[in-house]
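K.L.:
only the shape, not the letters, is given here:
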Ligand code: ATP
């Protein structure tokens with residue numbers, strides 16, 4: 001049997017829409033650039049990815065979770081350097097007025113939209129933070145920003161968490177939450193969004209030990225992506241040669257999307273830059289007191305892992321997408337080979353025919369398994385068609401109830417990948433799911 005990988009993000013986007021994974025935001029009004037809505041299957045998939053991340057990060061003794069607010073005191077963004085430095089260089093085509101990131105377009109070539117050659121404006125800096133205001137008074141003191149990253153909510157809570165949870169170095173703080181960037185050129189489906197979700201963890205360490213922790217997190221984070229079911233040959237590290245002035249090591253984990261290798265996650269060793277700046281701007285002492293070393297005081301160093309949730313979901317979808325040709329062209333099927341742990345639907349319950357006696361048994365099974373795993377009930381169309389639909393949304397198991405089921409109290413369970421079928425006793429379905437998921 002031959003198979004093909006995903007050819008383009010467009011193929012994925014159309015499947016994702018047709019099957020209820022992702023819809024354009026406010027689609028009936030023409031949408032909004034860089035914003036997408038997760039549909040019923042998309043949110044299951046995304047929640048499964050987030051749950052895996054959350055458990056891998058916070059179900060251990062040295063990392064605590066938080067959920068900081070999106071709006072913060074505006075001084076946070078001065079201290080972090082975002083007000084001063086969070087710019088992308090932008091150019092406009094003089095002819096059609098289309099806007100591009102100067103670092104992503106060849107300024108001597110033709111405009112990618114209208115084809116006019118070399119007619120770009122000078123590059124100007126464009127701050128990516130969305131600005132808004134709090135309260136009714138419109139003056140500069142009311143300005144706030146939608147956070148462009150979740151990390152700062154962690155830095156400003158460093159001592160709150162350390163003190164209340166009685167943590168000792170090294171320890172980390174993890175958070176999943178929305179971030180907003182007014183990207184000049186959003187696109188590539190959910191790759192570059194204006195509203196997206198980050199999964200970030202800041203690990204606070206003693207100065208001088210950061211390289212050891214950086215190397216350990218680099219390995220752990222790669223392992224996490226592999227355990228999402230992504231193929232090894234589609235993942236790689238990209239070591240940063242040019243570092244931000246405050247960083248002493250940085251590496252990206254990249255995935256080979258249909259259009260090429262792109263960043264999914266960054267692992268950065270950020271020295272004491274962030275906490276030092278917050279200490280300076282807030283005038284609060286943010287030092288850690290090391291009781292194991294004569295109450296020595298110092299500002300910890302930070303190694304961070306910063307992953308895009310939507311990009312992880314996109315990579316998982318791209319990687320799972322397979323078109324299979326088992327020989328007979330009529331048999332061609334699209335199958336999402338999701339890892340069972342993150343597949344949105346774990347089992348579909350399918351009465352062979354729309355007959356009350358079959359549906360009564362099927363419905364009972366469906367109600368029962370729904371208590372422990374997300375499942376679907378489907379009676380419409382031929383059984384072959386229903387299998388194809390479940391293949392396309394990546395459901396690992398289909399349970400079919402036929403006339404034999406009424407007498408032998410068994411059902412047929414079909415495996416998504418091998419398409420092999422086995423008879424399983426109805427009272428053993430729970431155990432089957434426990435053993436196989
Ligand atoms: P890029 O170079 O793609 O603009 P970045 O290097 O600015 O990204 P970081 O600031 O390191 O990204 O953000 C950490 C992670 O957040 C990224 O690895 C990515 O997964 C995710 N991310 C950043 N910007 C976006 C976006 N506009 N849409 C979706 N995810 C994003």
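P.N.:
That came in fine, so what should we check first? Note that the coordinates shown come from a computational prediction; the quantities given were computed from them, not determined experimentally.

K.L.:
which parts of stretch 165-184 are buried?
P.N.:
Residues 167, 169-177, 179-184 are the ones in stretch 165-184 that count as buried (16 or more other Cβ atoms under 10 Å). Placement of C-beta: from N, CA and C, glycine included.

K.L.:
ugh, wrong one, stretch 320-327
P.N.:
320-322, 324.

K.L.:
out of those, which touch the ligand?
P.N.:
Among those, none lies close to the ligand by the criterion of Cβ under 6 Å from any ligand atom.

K.L.:
how about those residues in JSON lines, adding secondary structure and pLDDT?
P.N.:
Below are those laid out as JSON lines (DSSP: H, G, I helix; E, B strand; the rest coil; pLDDT from 0 to 100):
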{"residue": "320", "secondary structure": "helix", "pLDDT": "98"}
{"residue": "321", "secondary structure": "strand", "pLDDT": "97"}
{"residue": "322", "secondary structure": "strand", "pLDDT": "95"}
{"residue": "324", "secondary structure": "strand", "pLDDT": "91"}
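
K.L.:
going by distance to residue 192, which of those wins?
P.N.:
residue 321 (19.7 Å; Cβ to Cβ).

K.L.:
what about the closest one, distance to the ligand?
P.N.:
For residue 321, the distance to the ligand equals 19 Å [Cβ to the nearest ligand atom, to the nearest Å].

K.L.:
dig out what that residue forms beta bridges with.
P.N.:
When bridges are called by DSSP bridges, residue 321 pairs up with residue 336.

K.L.:
which residues touch it?
P.N.:
Listed by Cβ atoms under 8 Å, 6 or more residues apart in numbering, the contact set of residue 321 reads 5-6, 11-12, 15, 334, 336-337.

K.L.:
for those, pick the one with the most neighbours.
P.N.:
The most crowded member of the contacts of residue 321, judged by other Cβ atoms under 10 Å, is residue 336 (25 neighbours).

K.L.:
doesn't residue 391 make contact with that one?
P.N.:
Yes: at 7.4 Å, residue 336 counts as touching residue 391 under the criterion of Cβ atoms under 8 Å.

K.L.:
what does the residue nearest to residue 113 when sequence neighbours are not counted show for phi and psi?
P.N.:
Excluding its sequence neighbours, the residue lying closest to residue 113 (Cβ to Cβ, 6 or more residues apart in numbering) is residue 98, at 4.2 Å. Torsion angles at residue 98 (phi, psi; degrees, to the nearest 10) stand at phi -70, psi 150.

K.L.:
residue 347 now?
P.N.:
phi -150, psi 140.

K.L.:
state the distance from it to residue 34.
P.N.:
The gap separating residue 347 from residue 34 is 35 Å, by Cβ to Cβ, to the nearest Å.

K.L.:
and these two? which has more neighbours close in?
P.N.:
Counted by other Cβ under 10 Å, residue 347 and residue 34 do not tie: residue 347 has more neighbours, with 27 against 20.

K.L.:
if I pick the more buried one, what's in contact with it?
P.N.:
Contacts of residue 347 (Cβ under 8 Å, 6+ apart): 369, 373, 375-376, 395-399, 433.

K.L.:
now it: how far from residue 26?
P.N.:
Counting by Cβ to Cβ, the gap from residue 347 to residue 26 is 34 Å.

K.L.:
now the closest residue to the ligand within the stretch 251-400 of the chain: how far from residue 98?
P.N.:
Across the stretch 251-400 of the chain, no residue is closer to the ligand than residue 308, which sits at 2.2 Å (Cβ to the nearest ligand atom). According to Cβ to Cβ, residue 308 and residue 98 sit 26 Å apart.

K.L.:
neighbour count: the two, which is higher?
P.N.:
Legend: neighbour count by other Cβ under 10 Å for residue 308 and residue 98, higher for residue 308 (23 against 16).

K.L.:
correct me if wrong: that one contacts residue 255.
P.N.:
No: the pair residue 308 / residue 255 is not scored as a contact, 10.8 Å apart, by Cβ under 8 Å.

K.L.:
and for the two, which residues touch both?
P.N.:
Contacts common to residue 308 and residue 255, judged by Cβ under 8 Å, 6+ apart, are residue 264.

K.L.:
flag every residue of this protein that's near the ligand.
P.N.:
149, 181, 183, 192-193, 196, 198, 263-266, 306-308, 310-311.

K.L.:
go with 8 Å
P.N.:
When proximity is defined by Cβ under 8 Å from any ligand atom, the chain lies next to the ligand at 34, 88, 148-149, 179, 181, 183, 186, 190-194, 196-198, 200, 252, 262-266, 268, 306-312.

K.L.:
from the residues you listed, which land in strands?
P.N.:
88, 179, 196-198, 200, 252, 262-266, 268, 306-308 (DSSP state E).

K.L.:
what's the spacing between the residue nearest to the spatial centre of the chain and residue 265?
P.N.:
Most central in the chain under Cα atoms, centre = their mean is residue 309, positioned 1.7 Å from the mean C-alpha point. Here the criterion is Cβ to Cβ. By it, residue 309 lies 10 Å from residue 265.

K.L.:
do the same with residue 103
P.N.:
Applying Cβ to Cβ to residue 103 and residue 265 gives a distance of 21 Å.

K.L.:
which outside residues touch stretch 101-116?
P.N.:
By Cβ under 8 Å, 6+ apart, the list of residues contacting stretch 101-116 reads 88-91, 93-96, 98, 100, 117-120, 123, 184-185.

K.L.:
can you turn the buried part of those into a PyMOL selection?
P.N.:
Buried subset of those, written as a PyMOL selection, criterion 16+ other Cβ under 10 Å:
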select buried, resi 88+90+91+93+98+100+120+123+184+185
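
K.L.:
what about the contacts of stretch 101-116, which are in strands?
P.N.:
Using DSSP E, the contacts of stretch 101-116 in strands are 88-91, 100.

K.L.:
check those residues against residue 71 and report the nearest one.
P.N.:
residue 88 (22.8 Å).

K.L.:
need the three-state assignment for residue 83.
P.N.:
helix (DSSP: H, G, I helix; E, B strand; the rest coil).

K.L.:
meant to ask about residue 137
P.N.:
Per three-state DSSP, residue 137 ends up coil.

K.L.:
for residue 345, which residues are in contact?
P.N.:
By Cβ under 8 Å, 6+ apart, the contact set of residue 345 is 41, 44, 374-376, 390, 393-395.

K.L.:
over to the closest residue to it other than its chain neighbours. Which of the three states is it?
P.N.:
Ranked by Cβ to Cβ, 6+ apart and with sequence neighbours excluded, the top spatial neighbour of residue 345 is residue 395, at 4.5 Å. Three-state call for residue 395 (three-state DSSP): coil.

K.L.:
got a list of what residue 395 touches?
P.N.:
Taking Cβ under 8 Å, 6+ apart, one finds 343-348, 376, 416 in contact with residue 395.
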